[in-house]
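In: Attaching a predicted model along with its sequence, questions to come.
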Amino acid sequence: MYIGEAAKKTGLSIKAIRFYEAQGLIEPPARLGRYRVYTTQDLELLLLIKEATELGVALSQLKGVISYRNGKIDWENIKVFLTEIRAQLIEQRTDIERKINSLDACYAQIKS
């Protein structure tokens with residue numbers, strides 16, 4: 001599929017897709033004449049990049065994680081990375097809950 005269709009399917013802008021390619025986050029897709037032709041694998045990776053950035057993951061972090069083995073995305077490496085991100089989010093949630101409890105305690109003292 002061409003870049004316009006890839007943009008529609010991923011919800012990314014054409015500019016963003018080209019940027020990710022220029023940054024080395026995705027391998028340059030095959031071309032048909034002067035047009036980029038994206039595969040299902042490319043779409044899966046673009047969606048991963050989109051979702052990860054929405055979670056606050058920096059593109060520089062992703063660049064160090066996304067790798068290819070025999071022309072295919074190394075999903076195991078990405079899975080390990082996502083597990084680490086999940087652990088960080090859980091830690092953040094725990095910290096936020098602790099802060100909320102502290103605020104609630106302060107509020108209760110003021111109200112009394």
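Out: Ah, there it is.

In: Roughly how far does Lys15 sit from Gln23?
Out: 12 Å (C-beta to C-beta, to the nearest Å). (C-beta placed from N, C-alpha, C; glycine too.)

In: low pLDDT regions in this protein?
Out: 112 (pLDDT under 70).

In: Reduced to three states, what does the residue most central in space within the chain come out as?
Out: What sits nearest the mean C-alpha location of the chain, by C-alpha atoms, centre = their mean, is Ala52, with 2.0 Å. Under DSSP: H, G, I helix; E, B strand; the rest coil, the three-state class of Ala52 is helix.

In: just checking, it touches Lys63?
Out: No: with contact defined as C-beta atoms under 8 Å, Ala52 does not reach Lys63; the gap is 11.2 Å.

In: Lys15 and Gln23: who's more crowded?
Out: Taking neighbours as other C-beta atoms under 10 Å, Lys15 and Gln23 compare with Gln23 leading, 13 against 9.

In: you'd agree the more buried one is up against Lys63?
Out: Yes: counting by C-beta under 8 Å, Gln23 does reach Lys63; the two are 6.6 Å apart.

In: Arg36: how many residues sit nearby?
Out: 19.

In: buried residues in the longest helix seen in the chain?
Out: Identified as the longest helix of the chain according to DSSP state H is helix 75-111. Neighbour counts over helix 75-111 (16 or more other C-beta atoms under 10 Å) mark Ile78, Phe81, Leu82 as buried.

In: Much appreciated, bye for now.
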